[in-house]
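K.L.:
Give me a model of this one.
(chains A and B)
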Amino acid sequence: EADIYQTPRYLVIGTGKKITLECSQTMGHDKMYWYQQDPGMELHLIHYSYGVNSTEKGDLSSESTVSRIRTEHFPLTLESARPSHTSQYLCASSGAEWAFNEQFFGPGTRLTVL
Amino acid sequence: AQKVTQAQTEISVVEKEDVTLDCVYETRDTTYYLFWYKQPPSGELVFLIRRNSFDEQNEISGRYSWNFQKSTSSFNFTITASQVVDSAVYFCALRTDTGRRALTFGSGTRLQVQP
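P.N.:
Numbers count the residues shown, from 1 in each chain, chains lettered A, B, ... in the order given. Got it, this is the predicted structure:
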């Protein structure tokens, strides 16, 4: 069973607030990812990291930012939330062997911006 | 560029029926990996299977089976004798060994199994 955690699970906030979505994994995985899942179900990569101090943008343009100061921690921050940010955010990690490790997913954070 | 297509947006079956979820992929890479994930109403993604491009052997795991055909770029998923607990959204995904090595997902198929 994968040990990857996301908090909070649900968040309802007002426009303009700064928020941080937490993601932690205890598997020592180098690679971590953030996916955004819109109400139409599609998942899109918004950020990824190959390791500490490495972060890259994904396919879907996002106003969020990420940091990777520790291997186990990959938080996502929105400086000023807007209703268009309403979505589910899924964090994932994978191990060192690219070919033979599937991505393990956290339970997700469902964000609603009013 | 790579792409995964799940043409079936939603499928509804009655319990005990067999159901096949289709997945067609596109990639120029010769080495790639295909996945199926299940997303129940609770929202988490549950890994079901991984298949690499060199292994076209079909796989069966209990009521689940997967048919990988490189000739048609398809990786279809069949649930035999479906149960209500199978109701979920199922995603097919692709990863290659080049670039970011992140998953490219299909748009998902929502399966509803009626009692």
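
K.L.:
Poorly predicted segments of the chain, please.
P.N.:
Going with chain A. For chain A, the stretches with pLDDT under 70 are A:1-2, A:40, A:96-101.

K.L.:
nope, chain B please
P.N.:
The low-confidence ranges in chain B, as defined by pLDDT under 70, are B:99-101.

K.L.:
For it, what lies in contact range of chain A?
P.N.:
Residues of chain B found near chain A, taking Cβ under 8 Å from any Cβ of the partner chain as the criterion, are B:31, B:33, B:35, B:37, B:42-47, B:50, B:52, B:89, B:91, B:97, B:100-103, B:105, B:107-108, B:110. Yep, even glycine has a C-beta here, placed from its N, CA and C like the rest.

K.L.:
Just the buried ones from the residues you listed, in PyMOL syntax?
P.N.:
The PyMOL command for the buried members of those (criterion: 16 or more other Cβ atoms under 10 Å in any protein chain shown) is given here:
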select buried, chain B and resi 33+35+37+43+44+45+50+89+91+100+101+102+103+105+107+108
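
K.L.:
mind listing which of the residues of chain B next to chain A are in strands?
P.N.:
Among the residues of chain B next to chain A, the ones falling in strands (DSSP state E) are B:33, B:35, B:37, B:46-47, B:50, B:52, B:89, B:91, B:105, B:110.

K.L.:
Would you mind listing what in chain A touches chain B?
P.N.:
Counting by Cβ under 8 Å from any Cβ, chain A comes close to chain B at A:31, A:33, A:35, A:40-45, A:48, A:56, A:58, A:88, A:90, A:92, A:98-99, A:102-108, A:110.

K.L.:
could you list every residue that touches the residue nearest the centre of chain A?
P.N.:
With distances taken as Cα atoms, centre = their mean, residue A:34 lies nearest the centre of chain A, 3.2 Å away. Contacts for residue A:34 (Cβ atoms under 8 Å, 6 or more residues apart in numbering or on different chains) come out as A:23, A:45-48, A:58, A:64, A:66, A:74, A:76, A:89-92.

K.L.:
In TSV: those residues, plus neighbour count.
P.N.:
What follows is the contacts of residue A:34, written out as TSV (neighbours: other Cβ atoms under 10 Å in any protein chain shown):
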residue	neighbour count
A:23	24
A:45	21
A:46	22
A:47	25
A:48	24
A:58	18
A:64	19
A:66	24
A:74	30
A:76	23
A:89	24
A:90	25
A:91	28
A:92	26
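
K.L.:
Now flag whichever of those residues is closest to residue B:2.
P.N.:
Among the contacts of residue A:34, residue A:45 lies closest to residue B:2 (Cβ to Cβ), at 11.9 Å.

K.L.:
can you pull up the bridge partners for that closest one?
P.N.:
Following DSSP bridges, residue A:45 is listed with bridge partners residue A:35.

K.L.:
shouldn't it be in contact with residue A:61?
P.N.:
No. Contact criterion Cβ atoms under 8 Å: residue A:45 and residue A:61 do not qualify, at 11.1 Å.

K.L.:
Excluding covalently adjacent residues, which one is nearest to residue A:113?
P.N.:
residue A:81 (4.5 Å; Cβ to Cβ, 6 or more residues apart in numbering or on different chains).

K.L.:
Check residue B:44 too.
P.N.:
residue A:107 (4.4 Å).

K.L.:
The one you found: what secondary structure?
P.N.:
coil (DSSP: H, G, I helix; E, B strand; the rest coil).

K.L.:
how deep is it tucked in, by neighbour count?
P.N.:
Using other Cβ atoms under 10 Å in any protein chain shown, residue A:107 has 16 other residues around it.
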